[in-house]
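Engineer: below: sequence and its predicted model.
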There are 2 protein chains.
Amino acid sequence: MTYSEENYLKVIYHLSIGSSKGITTNAIANEMESKPSSVTDMVQKLAEKGLVIYKKYQGVSLTDNGRFTALMIVRKHRLWEVFLLEKLDFSWDEVHDVAEQLEHIKSEKLTDKLEEFLDFPTEDPHGDPIPDREGKIKKVDKKLLSEVEAGKKVICVGVKDSSPAFLQYLDKQQIALGSAIDIIAKEDFDMSLTLRVHDRQMTVSNKIAANLFVKTV
Amino acid sequence: MTYSEENYLKVIYHLSIGSSKGITTNAIANEMESKPSSVTDMVQKLAEKGLVIYKKYQGVSLTDNGRFTALMIVRKHRLWEVFLLEKLDFSWDEVHDVAEQLEHIKSEKLTDKLEEFLDFPTEDPHGDPIPDREGKIKKVDKKLLSEVEAGKKVICVGVKDSSPAFLQYLDKQQIALGSAIDIIAKEDFDMSLTLRVHDRQMTVSNKIAANLFVKTV
DNA sequence: ACTATTTTTTAGGTTAGTCTAAATATTATT
DNA sequence: AATAATATTTAGACTAACCTAAAAAATAGT
């Protein structure tokens, strides 16, 4: 397994979530910031190795073997994210690039020992579930704030838009990872929301709500 | 900096310790389990980048820049070894392969935070010193047991020969990493040593002593 | 249903890092 | 000092992973 093959499998896995159809070479090239022709090459190689199913012009999908391999990479990525945040005091936006490298370290023992050291976390700091060593994965309860109905209580677990402007806005409103949010009301006219965060009441636009990931409690 | 360039620098650094002359392409090829012709290619590339000094048929040596780069890789390798042993309960012989991968992770912040997390260790589990972030490195006081004079007290920090036969022998004699050893006498005839380990007295051959690294206390 | 547009694949080329075999330089031997 | 042995470099080839440009297939528009 090369570094590059692993990256392709990971991207195909992520694109497969939700869409049941074959993943197009264009979609993969886009995600990997490479060219469709390069993707065609690699995808043929992965098909020969039995990791994906590929028919010309029809897109690709993962085999069981390919999915398992992808899940083990995702597992490593998310465990390392927990490590960086909890043990090394990395901030939210700093973990990704480093985890992107660490996910390729090959040692089952390391992965399992790390999981134990972190006390068997079931989700990463963004609220995404961590596959176990058999590849089993908890169903996600992460949603966009805009999709939750009024009256519910939720916890902030991540952002969709991670631009400085948005992060600074959240900072100003004192909304952070782990903040408890009560959804008091939803305005039908513009889909804006009235929230209570840390005993402070506020109103946020639909655009804000559509970029904030929360998990229901 | 590619993975491969980093490995060459690291090997050249290790071979440079002790020998003040230029390092031969053959020596490098040997250490890397590759061919001398491949080494010539790479060494020319490293010379163009100003990391080594190279004149045809004369061997290579590191520039200041090259030495610093090598030291930063050694720093990462040894910090990760400490992490694996102390935090994840890896055993002595399991750390090397994994550290060999982890040493290539590129993130100054990660390295510095890891060092802090481990409480600024100054040597790794084999008794080798860990360079600081400026590349400063403590002088080694690690020696072979056979080179220490009678009467001294030492601590076992590593092995030169790591064959199962030798490790099993040490196990049987209850000599482990960290064991305190008193050197009671040295026999002139065959250079065998009389030792006290854990209040038990024993005699070991020169061959044994010449494969055991210790640090003087 | 036929043409225009877009998507995907094929063909051929590039770079990094490796190799083998041949050529050349250095070192050792007598 | 000349030759034999060894070490090192050069030349040319290979693979993995990428690219561009052209060809082929699929999709969309009228």
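Structural biologist: Right, received. Where do you want to start?

Engineer: got the contact list for the residue positioned nearest the centre of chain A?
Structural biologist: The centroid of chain A falls nearest to residue A:128 when counting by CA atoms, centre = their mean (5.6 Å). Residue A:128 makes contact with A:78, A:140, A:142, according to CB atoms under 8 Å, 6 or more residues apart in numbering or on different chains. Where C-beta positions appear, they are placed from N, C-alpha and C, glycine not excepted.

Engineer: same question, residue A:115
Structural biologist: A:79, A:121, A:130, A:133.

Engineer: which residues does the closest residue to the second one other than its chain neighbours contact?
Structural biologist: It refers to residue A:121. Nearest residue to residue A:121 in three dimensions, chain neighbours excluded: residue A:82, at 5.0 Å (CB to CB, 6 or more residues apart in numbering or on different chains). Counting by CB under 8 Å, 6+ apart, residue A:82 touches A:118, A:121, A:124-125, A:130.

Engineer: tell me the SS of residue A:82?
Structural biologist: Put simply, residue A:82 is helix when judged by DSSP: H, G, I helix; E, B strand; the rest coil.

Engineer: likewise residue A:19?
Structural biologist: Quick answer, by three-state DSSP: residue A:19 is coil.

Engineer: again, but for residue A:126
Structural biologist: Residue A:126 is classified as coil under three-state DSSP.

Engineer: tell me, how many residues neighbour whatever residue of chain A ends up closest to DNA strand C?
Structural biologist: In chain A, the residue that lies nearest DNA strand C is residue A:26 (2.6 Å; CB to the nearest atom of the strand). Neighbourhood size, residue A:26 [other CB atoms under 10 Å in any protein chain shown]: 12.

Engineer: same check on residue A:123?
Structural biologist: Around residue A:123 there are 17 other residues, counting by other CB under 10 Å.

Engineer: cool, residue A:94 as well?
Structural biologist: With other CB under 10 Å as criterion, residue A:94 counts 17.

Engineer: contacting residues for the closest residue in space to it that isn't next to it in sequence?
Structural biologist: Among residues not flanking residue A:94 along the chain, residue B:109 sits closest, at 6.9 Å (CB to CB, 6+ apart). Contact analysis of residue B:109 by CB under 8 Å, 6+ apart lists A:90, A:94, A:98.

Engineer: per-residue confidence at residue A:152?
Structural biologist: Residue A:152 carries a pLDDT value of 93.

Engineer: where does the nearest residue to it once chain neighbours are set aside sit: helix, strand or coil?
Structural biologist: Nearest non-adjacent residue to residue A:152, counting by CB to CB, 6+ apart: residue A:183, 5.3 Å away. Classification of residue A:183 using three-state DSSP returns strand.

Engineer: any idea how far residue A:183 lies from residue A:193?
Structural biologist: Relative to residue A:193, residue A:183 is positioned 6 Å away (CB to CB, to the nearest Å).

Engineer: joint contacts of those two?
Structural biologist: Common contacts of residue A:183 and residue A:193, defined by CB under 8 Å, 6+ apart, comprise A:145, A:150.

Engineer: residue A:78 and residue A:123: what is the separation?
Structural biologist: 8 Å.

Engineer: can you give me the domain assignment for chain A?
Structural biologist: A:3-62, A:143-216 (automatic domain parsing).

Engineer: wait, which of the ones you listed is closest to DNA strand D?
Structural biologist: It's domain A:3-62; of these, that one is closest to DNA strand D (CB to the nearest atom of the strand) at 3.2 Å.

Engineer: and that closest one, anywhere near DNA strand D?
Structural biologist: Yes - residues of domain A:3-62 are located near DNA strand D by CB under 7 Å from any atom of the strand, namely A:3-5, A:34-35, A:37-38, A:41-42, A:45, A:57.

Engineer: scan those residues and report the most crowded one.
Structural biologist: residue A:42 (21 neighbours).

Engineer: surely that residue is in contact with residue A:5?
Structural biologist: Yes - with contact defined as CB atoms under 8 Å, residue A:42 and residue A:5 form a contacting pair (7.2 Å).

Engineer: up against DNA strand D, what does chain A have?
Structural biologist: A:2-5, A:34-35, A:37-38, A:41-42, A:45, A:57.

Engineer: filter those down to the ones near DNA strand C?
Structural biologist: Among the residues of chain A next to DNA strand D, the ones lying near DNA strand C by CB under 7 Å from any atom of the strand are A:37, A:41, A:57.

Engineer: where does the last one land in three-state SS?
Structural biologist: Remark: residue A:57 carries the secondary structure label coil [criterion: three-state DSSP].
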